[in-house]
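Trainee: quick check, what structure comes out for this input:
(one chain, ligands or ions: 2)
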Amino acid sequence: MNLTLKDRALGAYLGLACGDALGATVEFMTPERIRAEYGVHRDIIGGGWLTLRPGQITDDTEMSIALAQAMIDSGGWDLTRVADAFADWLRSSPVDIGNTCRRGIRRYIKTGALAGPVNEAEAGNGACMRNLPVAIATLGDARAFERQTLEQCHLTHHHPLSDAGTLCLGRMLQALFAGDGIAPCRQQAEDLIDAHPEFQFDPYPGRAGGYIVDTLQTVFHYFFHTDSFEACVTETVNRGEDADTTGALAGMLAGAHYGVDAIPPRWLAQLEPAISRTLKRQTDALLKLNQSGRTVD
Ligand code: MG
Ligand code: MG
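Mentor: Ligands and ions are numbered 1, 2, ... in the order given. Next up is the predicted model:
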């Protein structure tokens, strides 16, 4: 497997969108209901509780696009630009938005606050799901990665488990981008569990909700127990619950690991062309930011 950084970064970004679009159909369903209705849910068909068009993506991909564009437009990192991009996105009447994200963005619009205090209620997966652009643009610069990740997280989610899970997922992505394979990913997961034992996913507890712990247990379980992009994302979303977000995160990891050419063509063909074009253009621009070293300020 001789994959380039571009194959892996684009695989992660398109993988995110495919996982989001596939999973959204079965968001909030139980695995039993999915089985009764679809057998195995394996095609991007839209519908679901949001009555999506086939291939339509949701907030997981949209917030990533907003974050990426703010980074590209500011030529590196400017947290106010990121907050403004999220505010513009909120005003665009998105098809879906999590409560914690809405609250944080509204706070910024009202008060200009770029972070709130630590909040017990902010341990959802909404900051983690959108952090891929930071992982791409800061590859090779661990300090910039950590600072930018925490800053963008705290715009809406200020909770130690959200912080730790988002950093862990991003470090796994960066290990995969660097071509280092699965072993360092397992190490990252183990380090996370050492610090926060609630993330233990073996044996798999079976919850796939929006709580960052449930989300990452599901994503890690299926990423480490499958051997293809399609199997990883399909098995993940068939757990239901927050399936668009678990699908998005599984798609990022699997896309970074197996590369863009491992994504089923029938899934890529379903994505809306304008979205695919945006993700490709942004991937190139984020990689350029990385090379220019201007992600550090
Ligand atoms: Mg969503
Ligand atoms: Mg979701």
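
Trainee: next one: the residue nearest to residue 209 when sequence neighbours are not counted from residue 192, what distance?
Mentor: Excluding its sequence neighbours, the residue lying closest to residue 209 (CB to CB, 6 or more residues apart in numbering) is residue 241, at 4.6 Å. (Glycine included, C-beta is placed from N, CA and C.) Between residue 241 and residue 192 the distance, using CB to CB, to the nearest Å, works out to 21 Å.

Trainee: over to residue 220?
Mentor: Using CB to CB, one gets 9 Å for the distance from residue 220 to residue 192.

Trainee: compare the two (neighbour count), which wins?
Mentor: With other CB atoms under 10 Å as the criterion, residue 220 and residue 192 differ in neighbour count, and residue 220 comes out ahead with 28 against 24.

Trainee: is the residue nearest to that one when sequence neighbours are not counted in a helix, a strand, or coil?
Mentor: Once its chain neighbours are removed from consideration, residue 220 has its nearest residue in residue 201; the separation is 5.0 Å (CB to CB, 6+ apart). Assigned with DSSP: H, G, I helix; E, B strand; the rest coil, residue 201 falls in the coil class.

Trainee: can you pull the contacts of residue 201?
Mentor: Each residue near residue 201 by CB atoms under 8 Å, 6 or more residues apart in numbering is listed here: 189, 216, 217, 218, 220, 221.

Trainee: list the buried residues in stretch 49-69.
Mentor: If you call a residue buried by 16 or more other CB atoms under 10 Å, then stretch 49-69 has these buried ones: 50, 52, 55-69.

Trainee: can you tell me the residue of the stretch 1-150 of the chain closest to ligand 1?
Mentor: Each residue of the stretch 1-150 of the chain has a distance to ligand 1, by CB to the ion, and the smallest belongs to residue 58, at 3.3 Å.

Trainee: pretty sure that residue contacts residue 97?
Mentor: No. If you go by CB atoms under 8 Å, residue 58 and residue 97 don't touch, sitting 9.1 Å apart.

Trainee: check contacts around residue 101.
Mentor: For residue 101, the contacting residues are 59, 63, 86, 126, 156, 157, by CB under 8 Å, 6+ apart.

Trainee: out of the buried residues of stretch 49-69, which sit inside strands?
Mentor: Among the buried residues of stretch 49-69, none falls in strands (DSSP state E).

Trainee: quick one: residue 175 from ligand 1, how far?
Mentor: Here the distance between residue 175 and ligand 1 works out to 26 Å (CB to the ion, to the nearest Å).

Trainee: now do the helices in this structure.
Mentor: Shown for the chain, the helices assigned by DSSP state H span residues 5-24, 31-38, 59-73, 79-91, 99-111, 132-137, 142-154, 160-177, 182-195, 212-225, 229-237, 243-258, 265-270, 273-292.

Trainee: isn't residue 13 right up against residue 135?
Mentor: No. Contact status for residue 13 versus residue 135: not in contact, 10.2 Å apart, counting by CB under 8 Å.

Trainee: of the two, who's got more company?
Mentor: A count of neighbours by other CB under 10 Å puts residue 13 above the other of residue 13 and residue 135, at 29 against 26.

Trainee: residue contacts, the more buried one?
Mentor: Each residue near residue 13 by CB under 8 Å, 6+ apart is listed here: 64, 132, 136, 252, 255, 279, 282, 283.

Trainee: quick check: the gap between it and residue 80.
Mentor: As it turns out, when the distance is counted by CB to CB, residue 13 lies 24 Å from residue 80.
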